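# Sequence and predicted model, in that order:
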There are 2 protein chains.
Amino acid sequence: MFSKTCKYGIRAVLYLSVHTDGENKAGVKEIAEALKVPRHFLGKILQMLSKNNFISSSKGPGGGFYLSEENRSVTMDKIIMCLDGPDVFSSCVLGLPNCSNENPCPLHIQAFAFRDGLKYQMKHQTIDEFARRIEREAIRI
Amino acid sequence: MFSKTCKYGIRAVLYLSVHTDGENKAGVKEIAEALKVPRHFLGKILQMLSKNNFISSSKGPGGGFYLSEENRSVTMDKIIMCLDGPDVFSSCVLGLPNCSNENPCPLHIQAFAFRDGLKYQMKHQTIDEFARRIEREAIRI
DNA sequence: ATAATAAAAGACTATTTTATCTTTTATGTG
DNA sequence: CACATAAAAGATAAAATAGTCTTTTATTAT
């Protein structure tokens, strides 16, 4: 479904959402160790998310990555599409071009509802909503 | 979602289901051209499916691949798991170990229903049922 | 100013997936 | 039997993804 880049990225954003704000930041090292993911690889991913303004960063001592208030209201599908491209949810499961309800691939009917459902879920839940649930239900990241 | 191996494999099986039987067989060349997929790569995939008895083959002149009667009643999930491994439908979307309803990852609730739904669909539809619908509704493979 | 810190950027390596090419084995036909 | 056909098998190669290491740039504190 998602690439490792995307998996690590989603988890990192969620980590930032529960552990940082404008005051408290987190460095790549801390995040990588907490999530048990390769440090430098995660660095690249955070760079990309930062460049696209999904997360914030500051250099120098006391610096690190963090999630601003505005970024908390971003929906998860944006993060996912930033890392895995805009077609993650819409490209044909069998790889056929122009697969649609009108011109479906053999698996279209079966697959469409489910992929679209996942997309809907991601499109209608903000980072902040994820963060609250993670804290409320003590969910691991 | 699925690897190219799996996508090509599914399509090849469906091709065999509508174009072959014990009498009429299809060679790798024919199938690859019809599906517009790399010939030798497809050969490997067909070999694998054949080795696992999901399709039949015969060497020599007039030989090729085909789908026997028994193989038509196999459900699609078997083909998929043969090519992409047994965990395609069950592994955690975020890659976390032991992700379950009891110990969920942050996306589990959102993702589970949909992945499980797709699995259910594939588990309850046979190759033959796919073939009939493809013919009835003139669906491309 | 200098030193320390931490992200940004770039180059490089490794692994996995995808794809190609060649040789071998089996089988049917003249 | 010789020959053509086609899958099976094995060896390579190319591309994409994943992961590492080093250098540069910006920022803070002493």
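Received it, and whenever you're ready, just let me know what you need.
# For chain A, which segments count as strands?
Taking DSSP state E as the criterion, chain A contains strands spanning A:56-58, A:64-66.
# Tell me the spatial nearest neighbour of A:H108, not counting adjacent residues.
Nearest in space to A:H108, with sequence neighbours left out and distances taken as CB to CB, 6 or more residues apart in numbering or on different chains, is A:C99 at 5.8 Å. Just so you know, the C-beta spots here come from the backbone N, C-alpha and C atoms, and that holds for glycine as well.
# Can you tell me how far that neighbour is from B:P61?
Distance of A:C99 to B:P61, computed by CB to CB, to the nearest Å: 37 Å.
# and chain A, which of its residues are near DNA strand D?
A:3-5, A:8, A:37-41, A:43-44, A:58-63 (CB under 7 Å from any atom of the strand).
# hang on, the earlier thing: which of A:C99 and B:P61 has more residues huddled nearby?
A:C99 (21 against 5; other CB atoms under 10 Å in any protein chain shown).
# list the contacts for that one?
A:92-93, A:105, A:108 (CB atoms under 8 Å, 6 or more residues apart in numbering or on different chains).
# at 7 Å instead, please
A:92, A:105, A:108 (CB atoms under 7 Å, 6 or more residues apart in numbering or on different chains).
# my guess is the first one contacts A:C105, does it?
Yes: taking contacts as CB atoms under 7 Å, A:C92 lies within contact range of A:C105: 5.4 Å.
# Tell me which of the two has more neighbours.
Ranked by neighbour count (other CB under 10 Å), A:C92 and A:C105 place A:C105 first, with 26 against 20.
# and the more buried one, what does it touch?
Contacts of A:C105 (CB under 7 Å, 6+ apart): A:92, A:94, A:96, A:99.
# just A:L14 next, same as before
Contacts of A:L14 (CB under 7 Å, 6+ apart): A:130-131, A:134, A:141, B:106.
# can you check A:V93 too?
A:107, A:111, B:1-2.
# okay but A:A111 is in contact with B:L118, surely?
Yes: contact criterion CB under 7 Å: A:A111 and B:L118 qualify, at 6.0 Å.
# DNA strand C contacts on chain A?
So chain A meets DNA strand C at A:25-29, A:40, A:43-44, A:46-47, A:50-51, A:57-65 (CB under 7 Å from any atom of the strand).
# Correct me if wrong: A:G9 contacts A:I79.
Yes: using CB under 7 Å as the test, A:G9 is close enough to A:I79 to be in contact (6.4 Å).
# Give me the residues contacting the lowest-mean-pLDDT helix or strand in chain A.
Least confident element among the helices and strands of chain A, by mean pLDDT, DSSP states H and E: helix A:108-123 (a mean of 93). By CB under 7 Å, 6+ apart, the list of residues contacting helix A:108-123 from outside reads A:75-77, A:80, A:89, A:93, A:99, B:110-111, B:114, B:117-118, B:121-122.
# Using a markdown table, lay out those together with distance to A:H19.
Output for the contacts of helix A:108-123, formatted as a markdown table (distance: CB to CB, whole Å):
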| residue | distance to A:H19 |
| --- | --- |
| A:T75 | 20 |
| A:M76 | 18 |
| A:D77 | 23 |
| A:I80 | 21 |
| A:F89 | 28 |
| A:V93 | 36 |
| A:C99 | 41 |
| B:Q110 | 22 |
| B:A111 | 23 |
| B:F114 | 29 |
| B:G117 | 33 |
| B:L118 | 34 |
| B:Q121 | 39 |
| B:M122 | 39 |
